[in-house]
Every structure is written in structure tokens, then in C-alpha cells.
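1. no sequence on hand, only this structure:
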């Protein structure tokens, strides 16, 4: 399947017969689609859910998870109906999210869709660099605590780990079609499930054995943990972190393009979405609620690197290694569409360069890109603020706005009719949440910069 910008991921299909579009017959089922959804959704976003729960409390925390799950399920159902143009059984297929936007909306919507996707991909590459580097540093920190005692100053300078991660990515960026390797998604799935399950297990063990942190219905307390303005900003930033944990709409069309028919692909995709979102929400509830129960309002931004867990140190080490391995591949998956877009544009504008200096251009451009990402990660190594920003910019435009607008255009829903007003109201409310979460994340970055010395951050 072709993911926007030139990135292609080939999922297993049988040889032989072809489908109505001349491609190999699709063999995907509701179970394979569900597996792809779960793999896509469960990732590094799960690490911040205990912190998000601490900001929101026992009432708003679980409620926000349920609401984001409900909105994601509903809008993904609308998006699934847009897989085919015209007849839902025999209409022309859209193979990517952008193709669907082009087919139904066109014009400036296509430019805006591409802008949102590429901003999210660029931002995610920075976020993954920060997260992987923190986890790599946490491995050495964990061993230091184990061998020298929990009161030892085991803080690690973060910049060398960011540089090392960047150096690895410079090499992998030059490997032809690295993102197409068949084992990449399998490794990512195993790694993400491993560290997420370990986080849940350690949180449960801490909750049972104690000691546990102080919790409340409203989360962090004004006047005790923070002031009133900080409470407001942290609440919206936490919503951005929750939104990041549910961002998968961008690849829904690609997953749907693997499904066999009959039954109609949209019907199968809706069933898969119910099963996938239900499973991940249950998993998120466990991770967020157990993490909050274990550490209370003092829950760290990253549950596996804040060192509420000291022992078994080898298990904490293994979880953090899983994060690093997952994000090494994840970085490539998000960067390849950007590489393809830039290199394709250069090839069209300067065909001689693409023909005679393609390898040199790719070496220079991709190395420069990774260098920029590495520099920005060292300048802004703020885990929760970056995740909140990424979640906010991905949530409204890609998860809500485009599916709603395409569905309205497809069904030709009259302006100001009851359904039109309801859909636009949903979009507007989600837009306000996105703006608030984005602003809160920027405030978080600003506040962090007040107590920050460039290139000397320690964790």
C-alpha cells in the first residue's frame, strides 16, 4: 500500500486473481485490519498517559480517554466511507488519505492536508529523537542506581545520546527503501507491545506493593502542586498528549486498501475500528490509571524514565531498549515521505541534478535534514510539551476536519441542516481543543526554556 509522499508498505497479499482496479487481489480481513490499527495506535504516546491522568484526575482523565476514543471511532467511520468515490461497492478506490482529499475536496484542501501531514512528520521525527535519547540515557541511569544506590546522582547529559541517535539515523537514511523492509513493522509491533506491557505491569506491582502517590478527583492541586494558570495550561497540554495517543486516521485508508471484498470494505473497516479502538482504549486505561494510582500527582512525564521504578532494573532497561529500537525504525517511517516529497520536487524542477547527482544530493540533503532534527531536539528536549504539540496538530485537521468535510461532500448534506450543523459543531469543538492544546504546549516549552541551559540538559 502506498502511504502519502511515496512511502510504501507492502502487506501480504496472494498472487493470482486481481481486484477491480487491476491490482493483486486483497486478502485482508477484519482481524488483520484490527491488528494494523492496534500496532499503529499503541506507541510512545502511551508513556505519557500517567502524567496526563495526574493533570486531569480520576474524573476528567478516564473521561478524556473515552471521549477521544469516541471521536476517533466516529470520524474514522466517516473516513472509511470515503475509501471509494461514488458507488460504495464498485466506485473508484482512493489509495491514500491525500488521494481521498483530492477526490472529494480538491483545491486548497489538498495543500492544507499535505502541510499538516508534513508538519506532523517533521515534528514527530523531533519527538522520536527526544524520546529515544531519553530512554537510552535511562538505561545507564538505571544501572547506576542499581550498582551505586538510589541516592547517588546518576543524572545523564542528554545531548550525547541525541547526537548518537542522529548519527544512527544518518546511516539508516541512506539505506535504499529501509522503510519497506518486511520485518520493520513486525519488530515495531513487538517492541511497542513489550514496553507498554512492562509499563502496565510495573505500575500494577507498584500499586499493590506500595508506596503509592497522592491522587485526587481533579488531579494536581492548585496551591500545592502548581498555581491556577499552570493548572489550566497543564490540563490542555495533557489533552494534547491524549490526542497524540490516538492519532492513526492518517493511515486508515491505507489499512482499508488491504481488505478483501465482499463484504464492502467500509463495513469491514468499521468493525475493525471498533475492535481496535476498544482494545487500545482498554490498554490506555490500564496504563494511565495504574500509572496514576502508583505515582499520584507526582507522576513523571515519561513513566519508564522518571524512575519511580528502580527494580527489577534489568526489566526497566529492557523496556527502554525496546523504546529505542521501536523509534529507530519509527523515525524512518515518518521521515521517508518527507524525503520522497523533497526529492521528487527537486527531480521535477532540476531533472539533470536528479539524473547525474542523485546519490550525492540524497546524501547531502538527508544528512542535513537529520542534522537539523538533531539540533532542534537538543535545543528543545521537552517530552510532554512536544507530544502535546504533535497531538494537537494531528488531531483536528487529520482526525476530524478532513473526514467530516469529505463525508459532507460525499453525502451532499445540505448546509444548515441538522446533520450538517451537528458535524460542523463537532469539528469546531475539536478545533478549540486543538488550539488550546497547541497553545498550552507552546507555553510549556516557554516555561521550560526559563530554566534551561542549551546542550546541558540532564535527566
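-> Done, it's in. The structure presented is a predicted model; accordingly, all values stated were derived computationally and were not measured.
2. any regions of the stretch 151-300 of the chain where pLDDT drops low?
-> Counting by pLDDT under 70, the stretch 151-300 of the chain contains low-confidence ranges at 176-183, 185.
3. helices of that one, residue ranges please.
-> Remark: helices of the stretch 151-300 of the chain, listed N- to C-terminal, are 159-173, 184-209, 228-245, 252-256, 265-295; assignment by DSSP state H, counting those that start in this stretch.
4. quick one: the fourth one to chain centroid distance?
-> How far helix 252-256 lies from its chain's middle: 16 Å, per C-alpha atoms, centre = their mean, to the nearest Å.
5. buried set for that helix?
-> By neighbour count, and taking 16 or more other C-beta atoms under 10 Å as the criterion, the buried residues in helix 252-256 are 252-256. For the C-beta atoms, the positions are set from N, CA and C on the backbone; glycine is no exception.
6. again, but for the second one
-> Taking 16+ other C-beta under 10 Å as the basis for neighbour counts, the residues of helix 184-209 that come out buried are 184-185, 188-189, 191-200, 202-204, 206-207.
7. repeat that for the last one.
-> Burial within helix 265-295, assessed by neighbour count using 16+ other C-beta under 10 Å, is assigned to 265-277, 279-281, 283-295.
8. helices or strands next to that helix in the packing?
-> Judged by 3 or more C-beta pairs under 8 Å, 6 or more residues apart in numbering; DSSP states H and E, helix 265-295 is in contact with helix 30-41, helix 49-80, helix 184-209, helix 252-256.
9. which stretch of helix or strand covers the closest residue to residue 129 other than its chain neighbours?
-> If the residues on either side of it in the chain are set aside, residue 129 comes closest to residue 377, at 4.1 Å by C-beta to C-beta, 6 or more residues apart in numbering. Under the criterion of DSSP states H and E, residue 377 resides in helix 358-379.
10. what's that helix packed up against?
-> Using 3+ C-beta pairs under 8 Å, 6+ apart as the contact criterion, the secondary-structure elements in contact with helix 358-379 are helix 108-148, helix 159-173, helix 313-349.
11. can you say which of these is nearest to residue 28?
-> Judged by C-beta to C-beta, the one of the helices and strands packed on helix 358-379 that comes nearest to residue 28 is helix 313-349, at 19.5 Å.
12. related to what we said a few turns ago, in CSV, list the helices and strands packed on helix 358-379 along with distance to residue 212.
-> Converted to CSV, the helices and strands packed on helix 358-379 look like this (distance: least, C-beta to C-beta, whole Å):
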stretch, distance to residue 212
helix 108-148, 20
helix 159-173, 31
helix 313-349, 18
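13. any chance of these in CSV, plus mean neighbour count and distance to residue 218?
-> Output for the helices and strands packed on helix 358-379, formatted as CSV (neighbours: other C-beta atoms under 10 Å; distance: least, C-beta to C-beta, whole Å):
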stretch, mean neighbour count, distance to residue 218
helix 108-148, 21, 28
helix 159-173, 19, 36
helix 313-349, 19, 30
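14. right, and the ones you listed - which one's nearest residue 101?
-> helix 108-148 (4.6 Å).
15. which residue is the nearest non-sequential neighbour of residue 236?
-> Spatially, and ignoring its direct neighbours in sequence, residue 236 is nearest to residue 440 (3.6 Å; C-beta to C-beta, 6+ apart).
16. neighbouring contacts of stretch 429-441?
-> Residues outside stretch 429-441 that contact it (C-beta atoms under 8 Å, 6 or more residues apart in numbering) are 71, 232-237, 239-240, 243, 385-386, 388-389, 391-393, 395-397, 399-401.
17. show me which of the residues you listed are buried.
-> Neighbour counting by 16+ other C-beta under 10 Å classes 71, 233-237, 239-240, 243, 385-386, 388-389, 391-393, 395-397, 399-401 among the contacts of stretch 429-441 as buried.
18. so which bits of the helix or strand encompassing residue 102 are buried?
-> Taking DSSP H and E as the criterion, residue 102 maps to helix 97-104. By neighbour count on 16+ other C-beta under 10 Å, the buried set for helix 97-104 is 97-101, 103-104.
19. kind regards, and thank you for your time.
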